[in-house]
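A.B. asks: attaching a predicted model along with its sequence, questions to come.
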Amino acid sequence: MFKHIHIVACSPRSGTTLLHEAMVTCFKFDKHYDHEIRFNLVSADDGQRLITKRPNDIMYMPAVIDDPDFFVIYVLRDVIVSRHSKNKDTYYSNIRLWREMQSYATSITGHDRFLQVRYEEFVTNPNAVQAEIAARFP
């Protein structure tokens, strides 16, 4: 049966790439994408386990979380502003965006197919986070 895990976040530059790479390495997936892709732009054959990521897709998760084959991991990080080394003059996040994304996550907190992962916990205790993901999702 098709199962899809999608990683979203509180803002860009929040650790979704690190979590995605760790999950592709540590769990068995039939298909993954190397870059961000919107959750609804992927296709998979029956029986596949798919993982994708796109931080800003958290805004769409309340509408799709009830799909029994769809699972969401939300990365929460205490990041208010962030710059990228490729463009040091551009901010990739701000407090308004962080609050907006957090409100979407709060609206589905407690759902069986939603897991919030704190970035700080993931980088300090990855084995515990991996065990929690494995226990919660098929």
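C.D. replies: Perfect, thanks for sending it. Remember, it's a predicted structure, so these values are computed and weren't measured experimentally. Residues are numbered from 1 along each chain as shown.

A.B. asks: for the residue positioned nearest the centre of the chain, which three-state class applies?
C.D. replies: Central residue of the chain (C-alpha atoms, centre = their mean): I7, 1.7 Å from the mean position. Three-state call for I7 (DSSP: H, G, I helix; E, B strand; the rest coil): strand.

A.B. asks: skipping adjacent residues, who's closest to Q130 in space?
C.D. replies: C26 (5.9 Å; C-beta to C-beta, 6 or more residues apart in numbering). Placement of C-beta: from N, CA and C, glycine included.

A.B. asks: and for H4?
C.D. replies: Once flanking residues are discounted, H4 sits nearest to L50: 4.7 Å by C-beta to C-beta, 6+ apart.

A.B. asks: and the helix or strand hosting the one you found, what does it pack against?
C.D. replies: Element membership for L50 (DSSP states H and E) is strand 49-53. Under the contact definition 3 or more C-beta pairs under 8 Å, 6 or more residues apart in numbering; DSSP states H and E, strand 49-53 sits against strand 3-9, helix 16-26, strand 31-32.

A.B. asks: let me see the residues that make contact with that strand.
C.D. replies: Around strand 49-53, the neighbours that count as contacts under C-beta atoms under 8 Å, 6 or more residues apart in numbering are 2-8, 16-17, 19-20, 23-24, 27-33, 36-37, 39, 42, 44, 138.

A.B. asks: run the last query once more with 10 Å
C.D. replies: Contacts to strand 49-53, defined as C-beta atoms under 10 Å, 6 or more residues apart in numbering, come from residues 1-9, 16-17, 19-21, 23-24, 27-33, 35-44, 69-71, 73, 75, 137-138.

A.B. asks: and if you look at stretch 114-128?
C.D. replies: So stretch 114-128 is contacted by 5, 7-10, 14-16, 18-19, 22, 26, 61-62, 65, 71-79, 105-110, 129-133, 135-137 (C-beta under 10 Å, 6+ apart).

A.B. asks: from those residues, keep the buried residues only.
C.D. replies: Among the contacts of stretch 114-128, those classed as buried by 16 or more other C-beta atoms under 10 Å are 5, 7-10, 14-16, 19, 22, 61-62, 65, 71-77, 79, 105, 108, 129, 132-133, 137.
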